[in-house]
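>>> Here is my input, please return the structure:
(one chain, ligands or ions: 1)
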Amino acid sequence: MCGIIAYVGHREVRPVLLDGLSRLEYRGYDSAGLATLADGKLDILKKVGRIAELTRHVASKPRTPAFQGISHTRWATHGEPSDANAHPHADGTGKLVVVHNGVIENFQPLKRKLEAEGHLFASATDTEVLAHLIGKAYQAGMEGSARRLSDAVRTALSGIKGTYGVAVMHEDFPGLIVGARRGSPLVLGIGEGEMFLSSDATALLPYTHKVVYLKDFDVTEIRADRFQIESMTHDTADYQVEELDYAPDAAERGAFAHYMLKEIHEQPQTLENAVRGRLNGEESSAQLGGLNLTPAELRDIDRVIVLGCGTALHAGMVGAQMLENMAFVAAETDFASEFRFKNRPLPRNTIFFAVSQSGETADTLGALREARRKGFRCLGICNSVGSTIARESDGGMYMHAGPEIGVAATKSFVSQVALFGLLTLTLGRMRQMSASTGSKIIRSFEKLPDQVRKILAGEEHIAAIARKYAQANSMLFLGRQYNYPIALEAALKLKEISYIHAAGFPASELKHGIIALIDPATPTVILCPQDSLYEKNISTMQEVRARKGPIIAVATEGDEEIRHHADDVIYVPRTVEMLQPILNIIPLQLFAYHAAVALGRDVDKPRNLAKSVTVE
Ligand code: F6R
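Numbers count the residues shown, from 1 in each chain. Prediction:
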């Protein structure tokens, strides 16, 4: 949700900024811009459209070499995508520029006040108001005692409500960039004679693996050879320099046509990484070091509430069912965005899990803070190391899935479900789960990566089915129990990247109204593993058939019977019921992907979306 990259050092800055922006493009891609500072003069270039447009614009005429700059790729909140609304924004003097990720909630009264003082604005954005506020604070500081650019930034930020990750430059301060954050991520990258600011550490991988994850209210000054971090709320800012644990090419697309496809194909390793070192064969259990709870505390949990948004919530829905069915712990999910405004009476021994790939989703973070405010223990399930949710949780589990760049989440989903499987094993073995059930789950975990490989090997068959149905205006996805969240997730994937309307339902709900939608032009995907509810799913398929609705079944390998009931069948290997959702989602990710490709969609940058939604 908007990406920032800033650089000061020894390299010509424009290629560094453009490369960084293209790595951050998944965060927003309706317009982009950069500002460089050379010979005491700012040069601002902005363009509506993709980074490629900005790149062409930058290349269109020769420019003075520059070694410092700030840049931004935008996901519009205030003001439509346009050249004028693209960042960076300047103050009234034109000597100061700002890029901003986040939302300034009180920008309208602030703007009216500035307009009354004679300030003129060139855009409809909240960020331009911030630029004027910093400029005004700087002017006032020049006449008073505060002469640092960072002081002006602090003064301006102290008067705003909302969230920000910002980078600021001023013609009076060559060699300096000021950054600050509250609620939106900002990472400082430390190189040899060069420094970076970025919304996401993975954009820095080609340049440095040494980073500092800035905290809320941190203000930093970066120069080529040094940096300084202060806190707006504390006398001293404590920070840690961390080493990124990724291969330099972890965020590259390689030979795959899209990041989404690459990430779908990475899922065997994703599962291996999620599970590595966490299975305990001797005790037929799992070991989850980061929960920060004693065995007695784990045994005392009365209720689990899983919070998340979108795909992460769907993973939580599978997790909650696992916990109830197999670990005998009352568990439920809620939309993070809904939970945070509720006032639910809950038993004291309730524990929360905030699930988030990015660890920065504003709704999930808000819900986590609300639960903690009420005194509950909150654990995080995150992919991004050092992210805000990971830091603000009382403990949790990292997914170790590597960077997920495709806007449509794929590998993070299977990783999250796998982690809930491990949690279920841990809590279940402390309750009534038998050792033999525990061992069976462990064996099933061990087989999963190869089973996923087998599904991926059948990609061409799935692609052919996707092409066959890609012209449909609407599709239904049905599943029961563990597979109901899979129906939701598969429908979300299809909607997001193909723009085909799709909706997921519990299979049995069909007859309670949804059946009115069935006709020969509306395909139904039904998740029909050979489990305890197999016959019921067959009945549902017959109800669809009777209304001439085309059926695509996701079924268990070797099930020949299903061919009599479905137009197309995608087989998946069998595993224990609680892990079956991991295998069942894989073909439906591929189905969504190939339907989108058949329709010529921009799979990695679907319209209107952005990864990591840091606004509420
Ligand atoms: C769907 C998708 C979104 C995210 C949601 C939460 O493909 O990507 O629904 O799952 O915005 O994001 P995180 O997991 O980063 O909190």
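
>>> And K113, how close does it get to A516?
K113 sits 54 Å away from A516 when distances are taken as Cβ to Cβ, to the nearest Å. Where you see a C-beta, it was placed from the backbone N, CA and C, and this is true even at glycine.

>>> neighbour count winner among those two?
Taking other Cβ atoms under 10 Å, K113 and A516 do not tie; K113 has more neighbours (12 against 8).

>>> per-residue confidence at that one?
For K113, the pLDDT comes out at 96.

>>> where's it, which helix or strand?
Element membership for K113, per DSSP states H and E: helix 107-116.

>>> what residues does the next helix-or-strand element following that helix touch?
Counting by DSSP H and E, the next helix or strand C-terminal to helix 107-116 is helix 126-143. The contact list for helix 126-143 (Cβ atoms under 8 Å, 6 or more residues apart in numbering) reads 77-78, 87, 89-93, 95-100, 103-104, 107, 110-111, 114, 119, 121-122, 146-149, 151-153, 155-157, 159-160, 162, 164, 166, 168, 170.

>>> and helix 126-143, average pLDDT?
Helix 126-143 carries an average pLDDT of 90.

>>> Next: stretch 148-166.
For stretch 148-166, the mean pLDDT works out to 94.

>>> Of all the residues in the chain, which one is nearest the ligand?
Here the residue of the chain nearest the ligand is G310; by Cβ to the nearest ligand atom that distance is 1.8 Å.

>>> Can you verify my assumption that that residue contacts K493?
No: taking contacts as Cβ atoms under 8 Å, G310 lies outside contact range of K493: 10.3 Å.

>>> Would you list the buried entries among the contacts of helix 126-143?
Among the contacts of helix 126-143, those buried by neighbour count (16 or more other Cβ atoms under 10 Å) are 77-78, 87, 89-92, 95-100, 103-104, 107, 110-111, 114, 119, 121, 146, 148-149, 151-153, 155-157, 160, 162, 164, 166, 168, 170.

>>> buried sites along the worst-scoring helix or strand of the chain on mean pLDDT?
Taking mean pLDDT, DSSP states H and E as the measure, the chain has helix 126-143 as its least confident helix or strand, at a mean of 90. Within helix 126-143, the residues that count as buried by 16+ other Cβ under 10 Å are 126-138, 141.

>>> would CSV of these with distance to L609 be doable?
Shown next, in CSV, are these (distance: Cβ to Cβ, whole Å):
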residue, distance to L609
D126, 21
T127, 21
E128, 25
V129, 26
L130, 25
A131, 27
H132, 31
L133, 30
I134, 31
G135, 33
K136, 36
A137, 35
Y138, 36
G141, 40
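
>>> Turn these into JSON lines, including distance to the ligand.
What follows is these, written out as JSON lines (distance: Cβ to the nearest ligand atom, whole Å):
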{"residue": "D126", "distance to the ligand": "22"}
{"residue": "T127", "distance to the ligand": "22"}
{"residue": "E128", "distance to the ligand": "27"}
{"residue": "V129", "distance to the ligand": "27"}
{"residue": "L130", "distance to the ligand": "25"}
{"residue": "A131", "distance to the ligand": "29"}
{"residue": "H132", "distance to the ligand": "32"}
{"residue": "L133", "distance to the ligand": "30"}
{"residue": "I134", "distance to the ligand": "30"}
{"residue": "G135", "distance to the ligand": "34"}
{"residue": "K136", "distance to the ligand": "36"}
{"residue": "A137", "distance to the ligand": "34"}
{"residue": "Y138", "distance to the ligand": "35"}
{"residue": "G141", "distance to the ligand": "38"}
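
>>> can you map out the strands along the stretch 301-450 of the chain?
Under the criterion DSSP state E, counting those that start in this stretch, the stretch 301-450 of the chain contains strands at 303-308, 330-335, 350-356, 377-382, 395-398.

>>> contacting residues around the nearest residue to E283 once chain neighbours are set aside?
Closest residue to E283 apart from its sequence neighbours, by Cβ to Cβ, 6 or more residues apart in numbering: R429 at 6.8 Å. By Cβ under 8 Å, 6+ apart, the contact list for R429 reads E283, S284, S285, A286, A435, G438.

>>> Spell out for me the PyMOL command that would select the buried members of those residues.
For the buried members of these, the matching PyMOL selection, counting by 16+ other Cβ under 10 Å, is:
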select buried, resi 284+285+286+438
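
>>> Among the contacts of R429, find me the one that's closest to T202.
Checking the contacts of R429 against T202 by Cβ to Cβ gives A286 as the nearest, at 28.2 Å.

>>> what are the bridge partners for that closest one, then?
Per DSSP bridges, the residues bridged to A286 are L279.

>>> That one and N280 touch, don't they?
Yes: between A286 and N280 there is a contact under Cβ under 8 Å: 6.0 Å.

>>> quick one, which of the strands of the stretch 301-450 of the chain is packed in tightest?
strand 350-356 (a mean of 28; mean count of other Cβ atoms under 10 Å).

>>> contacts for that strand?
Contacts of strand 350-356 (Cβ under 8 Å, 6+ apart): 293, 301-309, 312-313, 315-316, 319, 336, 364-365, 367-368, 371, 376-383, 387, 389, 393, 396, 416.

>>> next structured bit after whichever strand or helix holds L188?
Assessed by DSSP H and E, L188 sits inside strand 187-190. Counting by DSSP H and E, the element after strand 187-190 in chain order, helix or strand, is strand 195-198.

>>> ok, back up a step: G310 and K493: which has the busier surroundings?
K493 (28 against 22).

>>> so who does the more buried one touch?
Going by Cβ under 8 Å, 6+ apart, K493 touches A408, T410, L588, Q589, A592, Y593.

>>> in the stretch 201-350 of the chain, which spans are helices?
Assigned by DSSP state H, counting those that start in this stretch, the helices in the stretch 201-350 of the chain fall at 259-265, 267-275, 295-299, 310-327, 336-339.

>>> List the buried residues for stretch 241-256?
Neighbour-count burial for stretch 241-256 flags L244, A251, E252, R253 (criterion: 16+ other Cβ under 10 Å).

>>> can I assume the second one is in contact with P403?
Yes: in this structure, A251 is within contact of P403 by Cβ under 8 Å, at 4.5 Å.

>>> okay, and the common contacts of the two?
Overlap between the contact sets of A251 and P403, as judged by Cβ under 8 Å, 6+ apart, is given by T202.

>>> Pull the number of nearby residues for T64.
Count around T64 with other Cβ under 10 Å applied: 9.

>>> Nearest residue to it in space, please, no chain neighbours.
A38 (4.7 Å).

>>> Need the pLDDT of the closest residue in space to A521 that isn't next to it in sequence.
Using Cβ to Cβ, 6+ apart and skipping residues adjacent in sequence, the residue nearest A521 is A472, 6.5 Å away. At A472, the model reports a pLDDT of 98.

>>> can you count the residues close to A472?
Neighbour count of A472, defined by other Cβ under 10 Å: 17.

>>> Remind me which helix or strand it belongs to.
Under DSSP H and E, no helix or strand contains A472.

>>> Please, where are all the strands along the stretch 1-150 of the chain?
3-8, 31-38, 41-48, 68-74, 89-90, 96-101.

>>> can those strands go into JSON lines with extra columns for mean pLDDT and distance to the ligand?
Output for the strands of the stretch 1-150 of the chain, formatted as JSON lines (pLDDT from 0 to 100; distance: least, Cβ to the nearest ligand atom, whole Å):
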{"stretch": "strand 3-8", "mean pLDDT": "97", "distance to the ligand": "14"}
{"stretch": "strand 31-38", "mean pLDDT": "96", "distance to the ligand": "21"}
{"stretch": "strand 41-48", "mean pLDDT": "96", "distance to the ligand": "24"}
{"stretch": "strand 68-74", "mean pLDDT": "96", "distance to the ligand": "17"}
{"stretch": "strand 89-90", "mean pLDDT": "97", "distance to the ligand": "27"}
{"stretch": "strand 96-101", "mean pLDDT": "96", "distance to the ligand": "15"}
